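>>> Pasting the sequence and the predicted coordinates here, then a few questions.
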Amino acid sequence: MSSPPDQEKPEEIALPAEIAGSGALDRLVETARDYARQAASENTLKAYAKDWAAFARWCRIRGAEPLPPAPQLIGLYIADLAAPQGKAAGAAPALSVSSIERRLSGLAWSYAQRGERLDRKDRHIASVLAGIRRRHARPPRQKEAILPEDLRDMLATLPHDLRGLRDRAILLIGFAGGLRRSEIVSLDHGRDDTPDSGGWVEILEDGVLLRLRGKTGWREVEIARGSSDETCPVHALEQWLHFARINFGPIFVSVSRNGLKATDARLSDKHVARLVKRTVRDAGLRPDLPEAERIRLYSGHSLRAGLASSAEADERHVQKQLGHASAEMTRRYQRRRDRFRINLTKAAGL
């Protein structure tokens, strides 16, 4: 009996049928499978799995099969995501263009794992997607940037205990490094400390050197010492490591219930998002807005945007710190409140 469409499993990496197995080859197959599992991050794999399950359910409800890939069917699927039809319309809100594109990426990856190829350039898909973009595309809703004065107010809300030391280091390292929340919590004390490490730190006399594993390879991030201990990210990190007695493994970990001891359990990247929202609320940022609305304006990404928006440095240095491939991407993060600070109209002589 075959598996239901939404339970189809990706093809496992295996030896070619014409080659006889052996102990050495079998071990090599397991090694290859392990590498294949690490080709994408855990969060990406979870998202892709959800994308495939949603598409398989959509197909089953309509009496269709998800395999092999049919561009005509997928064109109908993305049209339904943009403008839900039928009885399910009330329970399925329309997705944004970026969410639909993400669903397509998930399907393409899932098909590839099953030995199939999804041609996203096929006219049944490409033309429908182009129409969706034309009709529904909107400028991205960007999170508010946390500027230095905001960060100081947020730091002032933290308690003076072990958790407070940890969270202070998270906020300052995340801001000064222009880091993604996943990059913050993936840091280890030393190189190759743990299998799930996303990078490690090296504390030097003038600052901290981070080596991070990104989507396109490794990159280095330099975080220099600040002008005062109160706001220095390096000092905050040193204090946390010292009092938490961390000299191996994950740097940002949970704290015991009594608040007296650091555990060996790495924090989730969701902790960074919750920490930002909590300290934003406690610091009373954007008092002109209702509490629920102003909290929605901020996320872990606000730290990254804050560095890009406030660093008075050549744009190339900001671009390098954030790990962007283009200056245009860096500019998307620059959300200064003092717009028109540079007046090119007057600079041109008008």
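Everything's here; your move. Residues are numbered from 1 along each chain as shown.
>>> what about the stretch 51-200 of the chain, any weak spots by pLDDT?
Applying pLDDT under 70 to the stretch 51-200 of the chain picks out residues 86-91, 140.
>>> In the chain, which helix is the longest?
Taking DSSP state H as the criterion, the chain has its longest helix at helix 42-61.
>>> Could you chop this structure up by domain?
5-136, 148-333 (automatic domain parsing).
>>> ok now the first one, how far from the chain's centre?
Relative to the centre of its chain, domain 5-136 is centred 20 Å away, using C-alpha atoms, centre = their mean, to the nearest Å.
>>> same deal with stretch 221-239?
From the chain centre to the centre of stretch 221-239 is a distance of 24 Å (C-alpha atoms, centre = their mean).
>>> which parts of stretch 38-56 are buried?
Buried residues in stretch 38-56, counting neighbours by 16 or more other C-beta atoms under 10 Å, are found at L45, A47, Y48, D51, W52, A53, A54, F55, A56. C-beta coordinates here come from the backbone N, C-alpha and C atoms, glycine included.
>>> picking up where we left off before, helices and strands around the longest helix of the chain, which ones?
helix 71-82, helix 97-113 (3 or more C-beta pairs under 8 Å, 6 or more residues apart in numbering; DSSP states H and E).
>>> Let's have those helices in JSON lines, adding mean neighbour count.
Below are those laid out as JSON lines (neighbours: other C-beta atoms under 10 Å):
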{"stretch": "helix 71-82", "mean neighbour count": "19"}
{"stretch": "helix 97-113", "mean neighbour count": "18"}
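>>> To I173, which of those helices lies closest?
Closest approach to I173 among the helices and strands packed on helix 42-61 (C-beta to C-beta): helix 97-113, 28.4 Å.
>>> Show residues contacting the helix or strand that the closest one is followed by.
Using DSSP states H and E, the next helix or strand after helix 97-113 towards the C-terminus is helix 123-136. Residues outside helix 123-136 that contact it (C-beta atoms under 8 Å, 6 or more residues apart in numbering) are 71-72, 74-75, 78-79, 82, 94, 96-97, 100-101, 104, 119-120.
>>> Determine which stretch of the domains of the chain is the most buried.
Using mean count of other C-beta atoms under 10 Å, the stretch among the domains of the chain with the largest mean neighbour count is domain 148-333, at a mean of 17.
>>> among the domains of the chain, which is nearest T345?
Closest approach to T345 among these is made by domain 148-333 (18.7 Å; C-beta to C-beta).
>>> which residue packs closest to A236, ignoring adjacent ones?
Spatially, and ignoring its direct neighbours in sequence, A236 is nearest to A169 (4.3 Å; C-beta to C-beta, 6 or more residues apart in numbering).
>>> How much space separates that neighbour from D150?
A169 is 18 Å from D150, where distance means C-beta to C-beta, to the nearest Å.
>>> Now the terminal residues of stretch 189-204, how far apart.
When the termini of stretch 189-204 are compared using C-alpha to C-alpha, to the nearest Å, they are 13 Å apart.
>>> what's in contact with it?
182-183, 186-188, 208-213, 218, 234, 237-238, 241, 246-251, 266.
>>> excluding its backbone neighbours, what's nearest A176?
Leaving aside its chain neighbours, A176 sits nearest to P233 (4.2 Å; criterion: C-beta to C-beta, 6+ apart).
>>> re earlier: now the buried residues of stretch 38-56 in TSV, with distance to S326?
As requested, the buried residues of stretch 38-56 are exported to TSV (distance: C-beta to C-beta, whole Å):
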residue	distance to S326
L45	27
A47	24
Y48	26
D51	27
W52	31
A53	34
A54	32
F55	32
A56	36
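>>> so which of those comes closest to V276?
Nearest to V276 among the buried residues of stretch 38-56, counting by C-beta to C-beta, is A47 at 21.6 Å.
>>> what sits against the closest one?
The contact partners of A47, taken as C-beta under 8 Å, 6+ apart, are R102, G106.
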